[in-house]
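J.: sharing a sequence plus its predicted fold:
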Amino acid sequence: MKHIVVGAGPAGVVAAETLRKLQASADVTLIGDEPEAPYSRMALPYYLVKQIAEEGTHLRKGADHFAKHGITVKQDRVSAINRAQKQVSLASGEVLAYDKLLLATGSRPVAPPIPGMDLPGIFSCWTLADARNIAARAKPGAKVLLMGAGFIGCIILEALAQSGAELTVVEMEGRMVPRMMNDTAGNMIKDWCESRGVKVHTSTRVTGITKGTAHPLSAALSTGQQLEVDLIVSATGVRPNIGFLQGTGLETGQGILINRHMQTNDPNIFAAGDVAEGRDFSTGESSVQAIQPTATEHAQLAARNMVGQQGAIHRGSVNMNVLDTLGLISSSFGLWMGKPGGDSAELLNRDRFRYLNLQFDGEVLVGATSLGMTQHVGVLRGLIQTKTRLGKWKDRLLEDPTRLMEAYLGSTQAVGFNAALLK
Amino acid sequence: MLKALQLEPEKCTGCLQCEMACSYENEAVFNPSKSRIKVFNFHDEGRFAPYTCSQCSEAWCMHACPVEAIVINQQTGAKEVIEDVCVGCKVCTIACPFGTGNYNSDSGKVIKCDLCGGDPACATACPTGAITYVDADHTGLARMKAHAGQSIPKN
Ligand SMILES: Cc1cc2nc3c(=O)[nH]c(=O)nc-3n(C[C@H](O)[C@H](O)[C@H](O)COP(=O)(O)OP(=O)(O)OC[C@H]3O[C@@H](n4cnc5c(N)ncnc54)[C@H](O)[C@@H]3O)c2cc1C
Ligand code: SF4
C-alpha cells in the first residue's frame, strides 16, 4: 500500500503517524512545501515572544523522528494530481504513485483588498518565515498596527503586546473576536485590552497604506485618522489551499468537500484539517473550522479510513476555541450564539471580567462562552458532544451556571461506578 | 500490569486530604486550588465526589497538543505534561471532554494528574479508601471505565 500525505502541518503529521501505526508494512510519504521541519502554526506566538526557540514550534522533537517511524518526508510542492493514473506531480519534476492520497494542505492568509498591501513592512503571521520577520521588527517601543481582531488576530495581539510594541488594533466588525464571542464577551475583551494599553478600534477599516514620513508606513483608517507605524501585521482571514486542485474534478466549496469517511468524490482521495470542509457537530452541516483540534481529529479519522476501517465515521467536530488576551482567558464552544427556540443561562461580572453563558436546546447543552474561567473548561465540550440530558441540573444551571461541574458529574457518571448515587 | 485510580464517591467524606497531598507532592504547597484531583461538594445531597483524569485511552489532550508536550509514561500509562515543552496554549484544556486538564496562570502551563509516577499521593492520603490505586482489570474499575467510555463515542 502506498499512502501519500500532502501538507506537513498538524493534520498531515498526525495522519502520517496514524497510517504508520495502523499499517506497519505500508509506504507512507509526507510532502510539505515549507522549507522547515514540520511545525505548528499555533506555537508561533510563543516563538514571537521568545518563550521558545524555533525548535519549540516543531510538531515532533528530534531530527530523526520521521525516519525512525519509517515515514518519508519530502520538502516539495504538489503541483498536480492525475487521478486516472493515481499519481501526483511535484514542483521538482518528480512523479509519485499512490494508492490512497490525503490532502492536508491547510489554508493561507487573505490580504484585504486595499491599496498598499505590497509595501515592505507588512506581514501576515501565518508561517515560521512570517514570524521571523515580525520578531525582527516588533521591538520594544516599535509602533505596530494589527489589522483584524478575529481569533488568530487576537492570539497575535497577545504576542505583539508582550514583546513591548506600541500596539493599535483595527477591526472591521463591531466587537473583538466576532466569530467566537457574543457582544458582551467581545466587548469585555476590548475593555480589558484597552485597560492594558492596547488601542482597539472596532467598526473601523484600514482603507489604504502608503509610505510614512516619521515612520516607514502610514495607514488611513475609515474614521479619517492617519496612523504612522513601523510594522503592520495583517490577520484578516484565511482561505483553504485548493488552487492546485483546479481541473482535477475534485469537488470543492469553501474547502475540499468530504463525506463522513473524510473521503472526497474520488474514493482514493481524502482530505483533513484546515483545507477540508467537514461535518460540524453542532449544525450537521459541512464547514471549514480551521482549528487545531479539528485538524488532528480529521487526520486520525482520515488515516483510519485510508486503511479501510469502515467503522471510522466522522460524527462531526465541535467548533471550539480558547484564547488568552493579555491574561484574560476566554473560550467558546459549539453553538455559543444559541439555537432558535433554545434558552440560556448567564452569569456576568463586568468588574471582575467574569462571564459564563450556557446555551441549551431543551435539556441539552449546545453551546457555551466563558471569560476568566480556567478550571475544568473541557466539560463544556464533554456535555455538548455527549448530548447529555441534564434533567434537574438544567434548572439548577439556569439559576446558577457556576454549578457546571456538579451538573457534569451529577449527570454523566464519569466519576465512578457509584456516581449514579449522585443523580 | 497497569494500575489506575479508582474513585468511589460514596466513600468520600469531603476531608480534602487528597487535594492537600496532591498540591504538596506536585507544587510543594498545601493549597487545594493547585491540586490535580478535586473533590466536588453536592450540597443538596450532602455528598462528595473526588474527580481527576482517568488517563483515558483516547487521550484527547495529547492528540490536540501542538508541540508534543503531552506524552505517555510507558511505565504507568499516565498522560504527562512535560512542563518545559508546554507553551501554555490551553488547547488541551478545551479538548479534554472530562475537563481534567487545567491551566495554571502562575506557571503559564497546564497541569494534570500524572499518577505521581506510579505512587499517587492522593490514594495514600485518603483515609476512607475513596481513592485507591488498583490493577487496571479490577472489576470496579472496569465498570467505572465503561461508564466513562459511554460518554463520548470513540470516533
Ligand atoms: C498564529 C497562529 C495561531 C494559531 N492558534 C491557534 C489556536 O490557539 N488554536 C487553534 O485551534 N488553532 C490555532 N491556529 C490555527 C491552526 O494552526 C490551524 O488550524 C492548523 O495549523 C491546521 O493544520 P493543517 O495541518 O490543516 O494546516 P497547516 O498547518 O496550514 O499545514 C498545511 C501545510 O501544507 C502545506 N501545503 C499547502 N499546499 C501544498 C502543496 N500543494 N504541496 C505541499 N505542501 C503544501 C502548507 O504550506 C502547510 O505547511 C493558529 C494559527 C496561527 C497562524
Ligand atoms: S497547554 Fe501545553 S500541554 Fe496543553 S496543548 Fe498547549 S502546549 Fe500542549
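T.: That came through fine. Numbers count the residues shown, from 1 in each chain, chains lettered A, B, ... in the order given. Ligands and ions are numbered 1, 2, ... in the order given.

J.: C-alpha coordinates for the lowest-mean-pLDDT helix or strand in chain A, PDB please?
T.: Ranked by mean pLDDT, DSSP states H and E, the helix or strand of chain A with the weakest confidence is helix A:404-412, at a mean of 87. Output of helix A:404-412 as PDB, limited to C-alpha atoms (Å, rounded to 0.1, in the frame of the first residue of the first chain):
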ATOM      1  CA  LEU A 404     -21.400  23.400  36.000                       C
ATOM      2  CA  MET A 405     -19.000  20.800  37.400                       C
ATOM      3  CA  GLU A 406     -21.700  19.500  39.800                       C
ATOM      4  CA  ALA A 407     -24.100  19.300  36.900                       C
ATOM      5  CA  TYR A 408     -21.500  17.500  34.800                       C
ATOM      6  CA  LEU A 409     -20.600  14.900  37.500                       C
ATOM      7  CA  GLY A 410     -24.200  14.600  38.600                       C
ATOM      8  CA  SER A 411     -25.400  13.800  35.100                       C
ATOM      9  CA  THR A 412     -22.600  11.800  33.400                       C
END
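
J.: remind me which residues of the chain are low pLDDT?
T.: No chain in the question, so chain A it is. Across chain A, residues meeting the criterion (pLDDT under 70) sit at A:413-423.

J.: switch to chain B, that's the one I care about
T.: Residues of chain B that meet the criterion pLDDT under 70 lie in B:138-155.

J.: ok, which stretches of chain B are strands?
T.: Applying DSSP state E to chain B gives strands spanning B:3-7, B:38-42, B:47-51, B:70-72, B:79-81, B:102-104, B:109-111, B:131-135.

J.: quick one, which of those strands is nearest to ligand 2?
T.: Among the strands of chain B, strand B:109-111 comes nearest to ligand 2, with 4.1 Å by Cβ to the nearest ligand atom. All C-beta atoms are positioned from the backbone trio N, CA, C, and that covers glycine.

J.: tell me if the closest one is near ligand 1.
T.: No. In terms of Cβ under 6 Å from any ligand atom, no part of strand B:109-111 sits within range of ligand 1; the closest distance is 13.2 Å.

J.: which among the strands of chain B is found nearest to A:Val322?
T.: Of all those, it is strand B:102-104 that lies closest to A:Val322, at 8.5 Å by Cβ to Cβ.

J.: which residues does the closest one contact?
T.: Applying Cβ atoms under 8 Å, 6 or more residues apart in numbering or on different chains, the contact partners of strand B:102-104 are A:329, A:374-377, B:34, B:36, B:88, B:90, B:93, B:109-112.

J.: chain center to that strand: distance?
T.: 13 Å (Cα atoms, centre = their mean, to the nearest Å).

J.: note down every partner strand of it and its orientation.
T.: Here strand B:102-104 is paired, per DSSP bridges, with strand B:109-111 (antiparallel).

J.: how far off centre is the partner strand?
T.: Distance, centroid of strand B:109-111 to centroid of chain: 13 Å (Cα atoms, centre = their mean).

J.: stretch A:119-131 now?
T.: Stretch A:119-131 has its C-alpha centroid displaced from the chain centroid by 18 Å (Cα atoms, centre = their mean).

J.: what lies in contact with it?
T.: With Cβ under 8 Å, 6+ apart, stretch A:119-131 has contacts from A:34-36, A:39, A:41, A:44-45, A:47-48, A:54, A:57, A:108-109, A:111, A:116, A:133-134, A:137, A:152, A:156, A:209-211, A:216-217, A:230-235, A:238.

J.: which residue sits closest to B:Ser23 in space, ignoring its chain neighbours?
T.: B:Lys34 (4.1 Å; Cβ to Cβ, 6 or more residues apart in numbering or on different chains).

J.: so the one you found sits right up against B:Asn26, yeah?
T.: Yes. Taking Cβ atoms under 8 Å as the definition, B:Lys34 is a contact partner of B:Asn26 at 7.4 Å.

J.: quick check: phi and psi at A:Ala271.
T.: Recorded main-chain torsions at A:Ala271 are phi -140, psi 150, according to degrees, to the nearest 10.

J.: okay, helices next: where are they in the chain?
T.: Answering for chain A, as no chain was given. Along chain A, counting by DSSP state H, helices occupy A:10-22, A:44-48, A:65-68, A:128-137, A:151-162, A:183-195, A:292-306, A:378-386, A:392-399, A:404-412.

J.: that was the other one, I meant chain B.
T.: Using DSSP H, helices in chain B cover B:17-27, B:60-64, B:91-95, B:121-125, B:139-151.

J.: now for the least confident helix or strand of chain A, which elements pack on it?
T.: Helices and strands touching helix A:404-412, by 3 or more Cβ pairs under 8 Å, 6 or more residues apart in numbering or on different chains; DSSP states H and E, are helix A:378-386, helix A:392-399, strand B:38-42, strand B:47-51.

J.: of the ones you listed, which is nearest ligand 1?
T.: Of all these, it is helix A:378-386 that lies closest to ligand 1, at 12.5 Å by Cβ to the nearest ligand atom.

J.: buried ones in stretch A:302-315?
T.: For stretch A:302-315, the buried set under the neighbour-count rule, 16 or more other Cβ atoms under 10 Å in any protein chain shown, comprises A:Ala302, A:Ala303, A:Arg304, A:Asn305, A:Met306, A:Val307, A:Ala312, A:Ile313, A:His314, A:Arg315.

J.: now stretch A:89-105
T.: Across stretch A:89-105, burial judged by 16+ other Cβ under 10 Å covers A:Ser89, A:Leu90, A:Leu96, A:Tyr98, A:Lys100, A:Leu101, A:Leu102, A:Leu103, A:Ala104, A:Thr105.

J.: domains in chain A, as residue ranges please.
T.: Annotated domains of chain A cover A:2-108+A:239-306, A:122-236, A:327-416 [automatic domain parsing].

J.: got a list of what residue 78 touches?
T.: No chain was given, so I picked chain A. By Cβ under 8 Å, 6+ apart, the neighbours of A:Val78 are A:Val6, A:Ile31, A:Asp33, A:Val88, A:Ser89, A:Leu90, A:Ala91, A:Thr105, A:Phe244.

J.: wrong one, chain B
T.: B:Gln55, B:Ile72, B:Cys113, B:Asp114, B:Leu115, B:Gly117.

J.: the nearest residue to the second one once chain neighbours are set aside: how many residues sit nearby?
T.: By that I understand B:Ile72. Leaving aside its chain neighbours, B:Ile72 sits nearest to B:Lys79 (5.9 Å; criterion: Cβ to Cβ, 6+ apart). B:Lys79 has 26 neighbours, counted by other Cβ atoms under 10 Å in any protein chain shown.

J.: interface residues of chain B facing ligand 2?
T.: B:64-65, B:67, B:69-70, B:81, B:86-92, B:110.

J.: out of these, the closest to A:Asp266 would be?
T.: The closest of these to A:Asp266 turns out to be B:Ala64 (Cβ to Cβ; 29.1 Å).

J.: touching, that closest one and B:Cys92? I think so.
T.: Yes. Using Cβ under 8 Å, B:Ala64 is in contact with B:Cys92, at 5.5 Å.

J.: higher neighbour count, these two?
T.: B:Cys92 (29 against 26).

J.: in CSV, list the residues of chain B next to ligand 2 along with distance to A:Asn349.
T.: What follows is the residues of chain B next to ligand 2, written out as CSV (distance: Cβ to Cβ, whole Å):
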residue, distance to A:Asn349
B:Ala64, 30
B:Cys65, 31
B:Val67, 34
B:Ala69, 32
B:Ile70, 32
B:Val81, 30
B:Cys86, 29
B:Val87, 29
B:Gly88, 25
B:Cys89, 26
B:Lys90, 21
B:Val91, 26
B:Cys92, 27
B:Val110, 25
